[in-house]
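Q: structure here, sequence nowhere to be found:
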């Protein structure tokens, strides 16, 4: 399957970007030699696996952390005949879990051989004697999530713009990353009319980005209305009255022309 017997395993965690499979971005993450044109092989599954140069990159979504996974190891092929082993024969199976701590991701083996009654003291005792075993700790070499911060918004936008020079639009799901994307666009020397930038929440630097003409629009919500409708729903629930499953507190499109109204 792999062109070399030895490779480096790294993580490109939760990229979530259209550029995740882009050859330039992946080669940068893998630290390939300049000018490398080795083919990139990507496999889809629970998460994406990219074979880049002599590196194996795992693209793990956030939802896959802290989940028990059954890992089966089987023989894919044999170099000779055997009466006991054939392709598909199970070698080993175990329950594993991916855990993220800062810029590291650990692969641990979970032990379920000891069970206990559901009483707090016994459960704690069993957990203390069945701690997960760490198989390997990996470095995170890239991440696309912004955690709703301006700093990470700048970094992700820079990666997007570098990997996709012809990018036409960026959408940020909250205010700080939108301001960060605006700064990245400015740093890259991209003309305001060459790319569309839309944010959300109309806060945290978006006003300045709109005034500068870098951000084209954002969406404003109404916190006071949210609170009012929330209290009304709570009172109805306490009284046993019907509460709608969807309560719309409204939103508004904000542009440079009308932002003074918000």
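A: Thanks, I have it. In this text the structure is predicted, and so the values were computed from the model without any measurement.

Q: and the helices in the stretch 151-262 of the chain?
A: For the stretch 151-262 of the chain, the helices defined by DSSP state H, counting those that start in this stretch occupy 175-187, 206-211, 223-238.

Q: then the stretch 1-150 of the chain?
A: Under DSSP H, counting those that start in this stretch, the stretch 1-150 of the chain gives helices at 23-30, 120-129, 150-163.

Q: closest to residue 187 out of those helices?
A: helix 150-163 (7.4 Å; CB to CB). Glycine gets a C-beta too; all of them are placed from N, C-alpha and C.

Q: now for this structure, the helix or strand with the poorest mean pLDDT.
A: Here the helix or strand of the chain ranked lowest by mean pLDDT, DSSP states H and E is strand 8-13, holding a mean of 47.

Q: domains in the chain, by residue range?
A: Following automatic domain parsing, the chain resolves into domains at 8-63, 67-136, 146-262.

Q: export these to TSV and tack on mean neighbour count?
A: Converted to TSV, the domains of the chain look like this (neighbours: other CB atoms under 10 Å):
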stretch	mean neighbour count
domain 8-63	17
domain 67-136	11
domain 146-262	16
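
Q: circling back: want to throw the helices of the stretch 151-262 of the chain into JSON lines with mean pLDDT and distance to residue 152?
A: Converted to JSON lines, the helices of the stretch 151-262 of the chain look like this (pLDDT from 0 to 100; distance: least, CB to CB, whole Å):
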{"stretch": "helix 175-187", "mean pLDDT": "94", "distance to residue 152": "7"}
{"stretch": "helix 206-211", "mean pLDDT": "96", "distance to residue 152": "16"}
{"stretch": "helix 223-238", "mean pLDDT": "94", "distance to residue 152": "24"}
